[in-house]
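**Student:** for reference, the sequence and a predicted model appear below.
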Amino acid sequence: MTTLERHCQLLLRVYPAEYRDVRGEEIIGTLLEATPPGRSWPRLRDIWGLIFGGLRGGEHTAGVLPIVVARLALLAALVPLAGGSKRPSRGLLLLVGLSQSFRSSPASGRHSRGQRSEFSSFWLSPPASCGPSSTRGRP
Amino acid sequence: MREPTYFVLASLLDGPLHGYAIIKRAEDMSGGRVRLATGTLYTALDRLTAEGLVRLVSEETVAGRIRRSYGLTDRGSAALRAEAQRMAEAASLVTGKAVAPGTGRLGRRARTT
């Protein structure tokens, strides 16, 4: 897997796992085609498009502090791994994390729409398909 | 209908296209004005598919990845033509009008002096 491909997958994390299951491969294929040769990150336009597309598609529930902190901490840990300080910088990675935090806020007590499982699938790492199916159903 | 939506639909006039081909075609057709980001395109395709204006036409595997092609539905084609008609009528309000006395460049200058 190329660095570009890895970065595309990282960016796709702003989308819910359910969406990634359906569209992920296709979007990565398009991103790879749209990115000029020799780059290790997609074009800025595509990066913003993914972040805001992910935000719009998700629930706009308010972020909950522990989740934000946990995500920021993990992103901070990811930064050195994410391509040796090549563009786009850590600010962007933080944004990816932040946009995720705003999209799903499991600790708000409203678990009925599957945020909890989305949360665990991203940060606590069981694959999406391992989540309890009862919490994943959308009304 | 917003301009990106219009050009996404217009890009499919000559037949189904896959994601990146839609982005390229929309950019070409709009003279470089509509540059769709990948995420934006798929958000639009999701919405247009849900509204029944666009449909999934085929799926193939390219370089180990699914590549889907999308085409206009009859409804999509009708909506696109209706929008084109609306814009043509709106444009004709301006382009079809002779410049009235006093509103042109010379007229304005004449009034200010």
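**Tutor:** Thanks, I have it.
**Student:** low-confidence ranges, the chain, go.
**Tutor:** Picked chain A for this. Flagging of chain A using pLDDT under 70 yields the residue ranges A:54-139.
**Student:** think we crossed wires, I meant chain B
**Tutor:** Applying pLDDT under 70 to chain B picks out residues B:98-113.
**Student:** counting neighbours, what do you get for whichever residue of it sits closest to chain A?
**Tutor:** Going by Cβ to the nearest Cβ, chain A is nearest to B:Ala37 of chain B, at 2.5 Å. Just so you know, the C-beta spots here come from the backbone N, C-alpha and C atoms, and that holds for glycine as well. By other Cβ atoms under 10 Å in any protein chain shown, the residues close to B:Ala37 number 24.
**Student:** ok, now the one 10 residues further on?
**Tutor:** B:Arg47 sits with 13 neighbouring residues when counted by other Cβ under 10 Å.
**Student:** now swap in B:Gly39 and tell me
**Tutor:** Neighbour count of B:Gly39, defined by other Cβ under 10 Å: 30.
**Student:** ok, it - contacts?
**Tutor:** Applying Cβ atoms under 8 Å, 6 or more residues apart in numbering or on different chains, we find B:Gly39 in contact with A:Ile27, A:Asp46, A:Gly49, A:Leu50, A:Ile51, A:Phe52, A:Gly53, A:Gly54.
**Student:** tell me which element it falls in.
**Tutor:** Element membership of B:Gly39, judged by DSSP states H and E, is helix B:38-50.
**Student:** show me what counts as buried in that helix.
**Tutor:** Residues B:Thr38, B:Gly39, B:Thr40, B:Leu41, B:Tyr42, B:Thr43, B:Ala44, B:Leu45, B:Asp46, B:Leu48 are the ones in helix B:38-50 that count as buried (16 or more other Cβ atoms under 10 Å in any protein chain shown).
**Student:** swap in stretch A:17-37?
**Tutor:** Neighbour-count burial for stretch A:17-37, counted by 16+ other Cβ under 10 Å, picks out A:17, A:19-20, A:23-35.
**Student:** go ahead and list the helix or strand containing the closest residue to chain B within chain A.
**Tutor:** For chain A and chain B, the shortest gap (Cβ to the nearest Cβ) falls at A:Gly49, measuring 2.5 Å. In this assignment (DSSP H and E), A:Gly49 forms part of helix A:44-57.
**Student:** residues contacting the residue of chain B closest to chain A?
**Tutor:** A:Arg43, A:Arg45, A:Asp46, A:Trp48, A:Gly49, A:Leu50, A:Gly53.
**Student:** between all of these, which two are separated the most?
**Tutor:** Spatial extent of those (Cβ to Cβ) is set by the pair A:Arg43 and A:Gly53 at 14.4 Å.
**Student:** so the two - more neighbours on which side?
**Tutor:** A:Gly53 (25 against 16).
**Student:** wait, what's in contact with the more buried one?
**Tutor:** Counting by Cβ under 8 Å, 6+ apart, A:Gly53 touches A:Val14, A:Tyr15, B:Ala37, B:Gly39, B:Thr40, B:Tyr42, B:Thr43.
**Student:** which residues sit against the top helix by length along chain B?
**Tutor:** Counting residues, the longest helix found in chain B (DSSP state H) is helix B:74-95. With Cβ under 8 Å, 6+ apart as the test, helix B:74-95 has contacts from B:1, B:6, B:9-10, B:12-13, B:48, B:51-55, B:72.
**Student:** ok, back up a step: C-alpha coordinates for the helix holding B:Gly39, CSV please?
**Tutor:** C-alpha atoms of helix B:38-50 as CSV (Å, rounded to 0.1, in the frame of the first residue of the first chain):
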residue,chain,number,x,y,z
THR,B,38,-14.0,13.8,-4.4
GLY,B,39,-16.0,13.9,-1.2
THR,B,40,-18.4,16.5,-2.5
LEU,B,41,-19.0,14.4,-5.6
TYR,B,42,-20.0,11.3,-3.6
THR,B,43,-22.2,13.4,-1.3
ALA,B,44,-23.9,14.7,-4.4
LEU,B,45,-24.2,11.2,-6.0
ASP,B,46,-25.7,9.8,-2.8
ARG,B,47,-28.3,12.6,-2.8
LEU,B,48,-29.1,12.4,-6.5
THR,B,49,-29.4,8.6,-6.3
ALA,B,50,-31.8,8.9,-3.4
